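Q: have a look; sequence and predicted model below, questions after that.
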Protein chains: 2
Amino acid sequence: MNVERISSKKVVVLVEPAGPMNIGLVARSCANFDVAELRLVAPRCNPTEPDALKMAVRGKSLLKKAAEFSTLIDAVADCRGVIATCGRIDHGEIPLEKPEEALPWLLSISGSDPIALVFGREDRGLTNDELLHAQKVITLHSSPEYPSLNLSHAVAVVLHEINRIQSKKNRFPDGYQSGNEPCLPVELDDCMDDAKRLLLDVGFLLEHTANARMTKLRGLLQRASIRSQEVALIRGMLRQIRWAINSHHS
Amino acid sequence: MNVERISSKKVVVLVEPAGPMNIGLVARSCANFDVAELRLVAPRCNPTEPDALKMAVRGKSLLKKAAEFSTLIDAVADCRGVIATCGRIDHGEIPLEKPEEALPWLLSISGSDPIALVFGREDRGLTNDELLHAQKVITLHSSPEYPSLNLSHAVAVVLHEINRIQSKKNRFPDGYQSGNEPCLPVELDDCMDDAKRLLLDVGFLLEHTANARMTKLRGLLQRASIRSQEVALIRGMLRQIRWAINSHHS
């Protein structure tokens, strides 16, 4: 039996965390569960104030090294697989999966790019737009009467679940064939920008309805874990359509 | 379809907890995960001081009702099944099991007696004598380099795991929410025909490469289990693009 760990580089991303103690507790959990990096998006407090460092215990060095980003898309720019968490009810049409369904997919992504686990604000989680930067969104097995966990607890539960699954598999069947991995978040983002401009130009989108419709399209492509070569295919289509419009125009 | 939960009465027992905030966080987790009762064995702080109540959030009433006992054996006297947790290395000859191995056993205990999950002191866990009051002892999937979780995190992880296992037992097919079902095969087929004609017209597809590229697009949409309303959205886009090309043309 091959007991070698799959060397997924796990990254935990907190979006606008407000509590220094929570951040410290998350850093400790990162150390407990072999997380490579903690990343913070626009923290609403000083993440290395004494309370945070105290709670981090042996996660202190991870906390001190935590990089800060101004937006979520920047924070996950290099991550091949992104899973976000959602404790809210009003997640629109974004499908929610259970951790044991979605996390094996995350672990199956081969290659050396990091994989990201994204957690939202203490008070209101992630926005639907932020959820759409993830290929999959998970919701935990908490009580329907009171589903909302403390932030650091949600992190600990997800990290434990990923280690549990990893230890069970150790050798995960196959994973993605080379070339079939999901695209990087920024590739999809750029493609969506291209599409939006074209669809505005042809009058399919109006400024005031653009976001709602683009959100549906992005949701569709995220459900498919769209690949780099597919993004390239779509951008090629968009370019050619634009060329056809302009050439007929002139 | 039976959606009723298995009605095990879960009890969380903390042995000599010292941190009011930890106790409050544990009370919150108890509320998050349908725990019936929190029991405290000889707490080393006042469990209802303001810090504890604040962290408990919607677990406050559980915390206020928490019964105190002077020994562990008293605290679990009425419990038919008892599982303790151990993060230490020196557990003597007591076998350690993984949560996913031991917890199904706990849930399989029938009858109306409570089942107990026992957690030790923040600094040194449970003694070996205390571990022996449990039928089974579990250890979590944490890093060998830093296995010791914050107390409240250990509780959250175990409670989530028990609910995960429970939900699997009561599993009923999730199904799709109304409107989110995959479209009918013919809907996607017609949409692909539309797209193919447009892409041939704009010169993105050539007759001899058309099928290969259309196969890729179809594969992408199938992976997303594309829905009827999404097919309609795409067909609307195609119509509008065609209109834009023709109107510029005329």
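A: Received, thanks. Residues are numbered from 1 along each chain as shown, chains lettered A, B, ... in the order given.

Q: these two touch, right, A:Ile138 and A:Ile94?
A: No - contact criterion CB atoms under 8 Å: A:Ile138 and A:Ile94 do not qualify, at 11.0 Å. Glycine gets a C-beta too; all of them are placed from N, C-alpha and C.

Q: and those two? Which one has more around it.
A: Per other CB atoms under 10 Å in any protein chain shown, whichever of A:Ile138 and A:Ile94 has more neighbours is A:Ile138, with 22 against 18.

Q: how about the more buried one, what does it touch?
A: By CB atoms under 8 Å, 6 or more residues apart in numbering or on different chains, the contact set of A:Ile138 is A:Ile83, A:Ala84, A:Thr85, A:Cys86, A:Leu96, A:Glu97, A:Lys98, A:Pro99, A:Glu101, A:Ala102, A:Leu103, A:Val158.

Q: tell me, which of these make contact with chain B?
A: Checking the contacts of A:Ile138 against chain B by CB under 8 Å from any CB of the partner chain, the ones in range are A:Lys98, A:Pro99.

Q: out of the contacts of A:Ile138, which are buried?
A: Listed as buried from the contacts of A:Ile138 are A:Ile83, A:Ala84, A:Thr85, A:Cys86, A:Leu96, A:Glu97, A:Lys98, A:Pro99, A:Ala102, A:Leu103, A:Val158; burial here means 16 or more other CB atoms under 10 Å in any protein chain shown.

Q: so which of those residues belong to strands?
A: A:Ile83, A:Ala84, A:Thr85, A:Leu96, A:Glu97 (DSSP state E).

Q: any idea how far the first one is from A:Met237?
A: When distances are taken as CB to CB, to the nearest Å, A:Ile83 and A:Met237 turn out to be 29 Å apart.

Q: same check, this time on the third one
A: For A:Thr85, the distance to A:Met237 under the criterion CB to CB works out to 34 Å.

Q: tell me the contacts of the residue nearest to the spatial centre of chain A?
A: Residue closest to the average C-alpha location in chain A (CA atoms, centre = their mean): A:Val82, at 3.2 Å. A:Val82 is in contact with A:Val76, A:Ile115, A:Ala116, A:Val118, A:His133, A:Ala134, A:Gln135, A:Lys136, A:Pro185, counting by CB under 8 Å, 6+ apart.

Q: show me what it is bridged to.
A: Residues in a beta bridge with A:Val82, per DSSP bridges, are A:Ala116.

Q: got a pLDDT number for it?
A: Per-residue confidence at A:Val82 stands at 93 (pLDDT).

Q: and for A:Asp90?
A: Listed pLDDT for A:Asp90 reads 68.

Q: what about A:His153, which SS state?
A: helix (DSSP: H, G, I helix; E, B strand; the rest coil).

Q: the residue nearest to it when sequence neighbours are not counted: neighbour count?
A: What sits nearest to A:His153 in space, not counting adjacent residues and going by CB to CB, 6 or more residues apart in numbering or on different chains, is B:Ala156, at 4.0 Å. Counted with other CB under 10 Å, residues neighbouring B:Ala156 total 30.

Q: pretty sure B:Ala156 contacts A:Ala156?
A: Yes - shown here, B:Ala156 and A:Ala156 form a contact pair, counting by CB under 8 Å, at 5.8 Å.

Q: quick one: terminal-to-terminal distance for stretch A:105-119?
A: Terminal residues of stretch A:105-119 lie 18 Å apart, using CA to CA, to the nearest Å.

Q: quick revisit: list residues touching both of A:Ile138 and A:Ile94?
A: Listed as contacting both A:Ile138 and A:Ile94 by CB under 8 Å, 6+ apart are A:Cys86.

Q: care to break chain A down by domain?
A: A:3-172, A:185-249 (automatic domain parsing).

Q: buried deepest among these, which one?
A: Ranked by mean neighbour count, these are led by domain A:3-172 with a mean of 20 (mean count of other CB atoms under 10 Å in any protein chain shown).

Q: and it, how far out from the chain middle?
A: Centroid displacement of domain A:3-172 relative to its chain, using CA atoms, centre = their mean, to the nearest Å, is 8 Å.

Q: what residues are up against A:Asp74?
A: A:Asp74 neighbours (CB under 8 Å, 6+ apart): A:Val41.

Q: please enumerate the strands of chain A.
A: For chain A, strands defined by DSSP E occupy the ranges A:10-15, A:37-41, A:67-69, A:81-85, A:96-97, A:115-119, A:136-138.

Q: okay, those strands in JSON lines with distance to A:Ser228 next?
A: As requested, those are exported to JSON lines (distance: least, CB to CB, whole Å):
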{"stretch": "strand A:10-15", "distance to A:Ser228": "20"}
{"stretch": "strand A:37-41", "distance to A:Ser228": "22"}
{"stretch": "strand A:67-69", "distance to A:Ser228": "22"}
{"stretch": "strand A:81-85", "distance to A:Ser228": "13"}
{"stretch": "strand A:96-97", "distance to A:Ser228": "23"}
{"stretch": "strand A:115-119", "distance to A:Ser228": "16"}
{"stretch": "strand A:136-138", "distance to A:Ser228": "18"}
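
Q: pull the distance from the longest helix seen in chain A to the chain's centre.
A: When chain A is scanned for its longest helix (criterion: DSSP state H), the result is helix A:228-249. On the basis of CA atoms, centre = their mean, helix A:228-249 is displaced by 28 Å from the centre of the chain it belongs to.

Q: which elements pack onto it?
A: helix A:185-201, helix B:185-201, helix B:207-223, helix B:228-249 (3 or more CB pairs under 8 Å, 6 or more residues apart in numbering or on different chains; DSSP states H and E).

Q: residues in contact with A:Ser167?
A: Applying CB under 8 Å, 6+ apart, the residues near A:Ser167 are B:Lys98, B:His141.

Q: and it, what pLDDT?
A: Looking at A:Ser167, its pLDDT is 86.

Q: equivalent analysis for A:Glu4, please.
A: On pLDDT, A:Glu4 comes in at 37.

Q: that older thread, contacting residues around the residue nearest to A:His153?
A: Shown in contact with B:Ala156 (CB under 8 Å, 6+ apart): A:Leu149, A:Asn150, A:His153, A:Ala156, A:Val157, B:Ser29, B:Asn32, B:Phe33.

Q: mind putting these in TSV, pLDDT included?
A: Converted to TSV, the contacts of B:Ala156 look like this (pLDDT from 0 to 100):
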residue	pLDDT
A:Leu149	95
A:Asn150	96
A:His153	97
A:Ala156	98
A:Val157	98
B:Ser29	98
B:Asn32	96
B:Phe33	97
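
Q: specify which member of those is nearest to A:Ser225.
A: For the contacts of B:Ala156, the closest approach to A:Ser225 (CB to CB) belongs to A:Val157, at 23.5 Å.
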